[in-house]
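Participant: Need coordinates for the below:
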Amino acid sequence: MAAIDFEVELKRAGAHATGGWRRVLFLAQRHVLGAAGLTIMTVFVLTAIFADFIARYDPLSVDAAHALARPSWAHWMGTDSFGRDVFSRIIHGARISLAVGIGSTALGGTIGVIVGLTSGYLSGWVDLMFQRVSDILQALPLLVLALIMTAALGPSLPNVILAIAIPLIPTVSRVTRANTLALREQPFVEAAKSIGMSEIRIALRHVLPNTLAPLIVLATAQLGSTILTEASLSFLGLGIPEPYPSWGRMLSESAAEYVRTAPWLVIFPGIAISLAVFGANLFGDALRDILDPRQRG
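Facilitator: Numbers count the residues shown, from 1 in each chain. Model (predicted):
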């Protein structure tokens, strides 16, 4: 029987990664795909922040003389039918995609946490009412419900964020409710009640912090789906209106008419959408493995 090298096993488990940067490096080495996803998302975030400095042209500037120009040194990703630089529009489109993704995830998550925490902690008729509303919202897929909301509210950035956020509420509320139901029976909650702490304070100070780990994982997983939903809404003409650059609208304007004559109008926005969703999903999966003890090997 081979002897166990405890030093090697401790190093493999990350026992020596005590410092902040050492811990980050250890997690990056152990979750390579997650580190790749985080890198992709970081690139997109930095691109969105510094879009004005990275883009070579005004994304709204029309130049009919260079309409449908092929990719070249002057226009790295070519131009569209109005002569607008595709590279600049994709760079500025990252702002819209991330704004919708992060905004809708944060809004839907915040409302979902409030609903789930209230439902799980108070129970009774409050729980029954919230769960029936959640059942109604979950009866429709995310994209279908978002389509209904944007059709009713109209195409604009705030409306798109609201339309995508509402379908996210039931999922977040159910996760929060499930954790709250388990936590409210724990001894530390009973101890807080015994010393006269108010119900609201117990819920916010003791129950809510213990539900954050699964919610963080859920939020990163939902980020990719919200970006894809925004692109789908824009593709269908119900997302961000013209002339603002949106990856989905860039596809909808060129997919049918220019897919053969100007394929760069389809390829580059499609790559941007795929990379953003792919990076968010990779990072979300790695974060789940790190924060969920049941997933640890």
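Participant: Could you use CA atoms for every contact and neighbour count after this?
Facilitator: Fine.
Participant: Run a quick check on F283 versus V32, I expect a contact.
Facilitator: No: using C-alpha atoms under 8 Å as the test, F283 is too far from V32 to be in contact (9.8 Å).
Participant: Show me the residue at the heart of the chain, geometrically.
Facilitator: L223 (1.1 Å; C-alpha atoms, centre = their mean).
Participant: returning to what we had before: counting neighbours, go ahead and name the busier of F283 and V32.
Facilitator: Shown here are F283 and V32; by other C-alpha atoms under 10 Å, F283 has more neighbours (26 against 14).
Participant: Next, the contact list for the more buried one, please.
Facilitator: L33, G34, A35, A36, G37, L38, T220 (C-alpha atoms under 8 Å, 6 or more residues apart in numbering).
Participant: ok, 6 Å please
Facilitator: If you count contacts by C-alpha atoms under 6 Å, 6 or more residues apart in numbering, F283 has them with G34, G37, L38.
Participant: By pLDDT, give me the weakest of these.
Facilitator: Minimum pLDDT for the contacts of F283 is recorded at G34 (84).
Participant: separation between that one and L46?
Facilitator: Between G34 and L46 the distance is 18 Å, computed by C-alpha to C-alpha, to the nearest Å.
Participant: can you check L168 too?
Facilitator: 26 Å.
Participant: Would you mind telling me which of these two has more residues around it?
Facilitator: Set side by side, L168 and L46 show more neighbours around L168, with 25 against 13, by other C-alpha under 10 Å.
Participant: Tell me the secondary structure at P71.
Facilitator: Secondary structure state of P71, per DSSP: H, G, I helix; E, B strand; the rest coil, is coil.
Participant: Test my guess that it contacts D85.
Facilitator: No: using C-alpha atoms under 6 Å as the test, P71 is too far from D85 to be in contact (9.7 Å).
Participant: now stretch 65-77: mean pLDDT?
Facilitator: 89.
Participant: Name the residues that touch that stretch?
Facilitator: G78, T79, D80, S81, F82, G83, V86, F87.
Participant: What residues sit buried inside stretch 70-77?
Facilitator: Neighbour counts over stretch 70-77 (16 or more other C-alpha atoms under 10 Å) mark R70, P71, H75, M77 as buried.
Participant: Likewise for stretch 47-61?
Facilitator: Buried-residue list, stretch 47-61, by 16+ other C-alpha under 10 Å: T47, A48, A51, A55, R56, Y57, P59, L60.
Participant: Show me where the stretch 151-297 of the chain has its helices.
Facilitator: 157-183, 187-194, 199-202, 212-235, 247-254, 264-291 (DSSP state H, counting those that start in this stretch).
Participant: Could I get those in JSON lines, plus columns for mean pLDDT and distance to A94?
Facilitator: What follows is the helices of the stretch 151-297 of the chain, written out as JSON lines (pLDDT from 0 to 100; distance: least, C-alpha to C-alpha, whole Å):
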{"stretch": "helix 157-183", "mean pLDDT": "88", "distance to A94": "13"}
{"stretch": "helix 187-194", "mean pLDDT": "81", "distance to A94": "44"}
{"stretch": "helix 199-202", "mean pLDDT": "80", "distance to A94": "39"}
{"stretch": "helix 212-235", "mean pLDDT": "84", "distance to A94": "10"}
{"stretch": "helix 247-254", "mean pLDDT": "80", "distance to A94": "8"}
{"stretch": "helix 264-291", "mean pLDDT": "86", "distance to A94": "8"}
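Participant: Can you add distance to G108 and give these back as TSV?
Facilitator: Formatted as TSV, the helices of the stretch 151-297 of the chain follow (distance: least, C-alpha to C-alpha, whole Å):
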stretch	distance to G108
helix 157-183	4
helix 187-194	27
helix 199-202	21
helix 212-235	9
helix 247-254	22
helix 264-291	17
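Participant: nearest to V133, of these?
Facilitator: V133 sits nearest to helix 157-183 of all the helices of the stretch 151-297 of the chain, at 8.4 Å, using C-alpha to C-alpha.
Participant: Can you check what angle separates the closest one from helix 212-235?
Facilitator: 150 degrees (axes from the mean of the first three to the mean of the last three C-alpha atoms, to 10 degrees).
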